[in-house]
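Sequence and predicted structure are below.
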Amino acid sequence: MSANRPTEQLLGLRPYRIAIASLGAPDDPTRAAARGDAVLADPQPLTRARSRFVSPPLRYVVLAAALAGCREASPAPPRQAPPEVSVVTVASQTTEEPLEFEGQVRASRTVQVRAQVAGVVTARPFTEGAPVRAGDVLTTIDVVDPV
């Protein structure tokens with residue numbers, strides 16, 4: 001058997017096998033035939049020429065693929081008009097945004113106003129948050145007699 005037998009099988013080749021009858025003969029078949037030793041050829045010689053590279057089924061696959069690529073291309077879809085867009089010119093300008101804050105306000109100074117007598121408040125002639133001066137009337141009280 002030859003050393004590159006898998007390669008020969010891959011390529012689809014069937015080489016002749018040569019065997020030397022005498023044990024001490026060299027591997028050269030021409031020397032063995034010249035000495036009269038028996039030279040045996042492969043019992044099944046090649047009967048038809050085979051391609052060394054492409055197997056027949058593979059040829060049909062390649063041919064079918066080539067023919068499929070030869071058909072006419074489908075027509076391209078018609079081009080659509082570009083969509084209408086509106087255009088705005090950008091200009092730089094300054095804007096003022098109103099500032100809004102949430103919170104609670106406390107007075108820095110507070111005053112407690114108490115009556116020196118017990119009674120019912122009948123009038124309150126001042127407005128809350130309005131400025132007042134010393135001596136201004138803030139409330140009118142109806143005095144009730146203590147029992």
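Everything's here; your move.

immediately after the longest helix along the chain, which helix or strand?
Longest helix of the chain, by residue count under DSSP state H: helix 56-68. Next in sequence after helix 56-68, counting helices and strands by DSSP states H and E, comes strand 119-123.

That following strand: partners in the sheet, and parallel or antiparallel?
strand 140-143 (antiparallel) (DSSP bridges).

Can you pull out the low-pLDDT segments for this protein?
1-54, 146-147 (pLDDT under 70).

swap the cut-off to 90 and go again
1-80, 82-83, 90-99, 105-107, 109-121, 125-129, 132, 137-147 (pLDDT under 90).

follow-up on the earlier one: kindly export the longest helix of the chain (C-alpha atoms) in CSV.
What follows is helix 56-68, C-alpha atoms only, in CSV (Å, rounded to 0.1, in the frame of the first residue of the first chain):
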residue,chain,number,x,y,z
PRO,A,56,-19.4,14.0,-10.3
PRO,A,57,-22.2,14.8,-7.8
LEU,A,58,-20.2,17.9,-6.8
ARG,A,59,-20.0,19.0,-10.4
TYR,A,60,-23.8,18.9,-10.6
VAL,A,61,-24.2,21.0,-7.5
VAL,A,62,-21.8,23.6,-8.8
LEU,A,63,-23.6,23.6,-12.2
ALA,A,64,-27.0,24.1,-10.6
ALA,A,65,-25.7,27.0,-8.5
ALA,A,66,-24.2,28.6,-11.5
LEU,A,67,-27.4,28.3,-13.5
ALA,A,68,-29.5,29.7,-10.6
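
What count of nearby residues applies to residue 126?
When neighbours are counted by other C-beta atoms under 10 Å, residue 126 registers 14. No exception for glycine: its C-beta is placed from N, CA and C like everyone else's.

which residue packs closest to it, ignoring adjacent ones?
For residue 126, ignoring the flanking residues on the chain, the nearest one in space by C-beta to C-beta, 6 or more residues apart in numbering is residue 138 at 5.2 Å.

Looks like that neighbour contacts residue 123 (just checking).
No: between residue 138 and residue 123 there is no contact under C-beta atoms under 8 Å: 9.7 Å.
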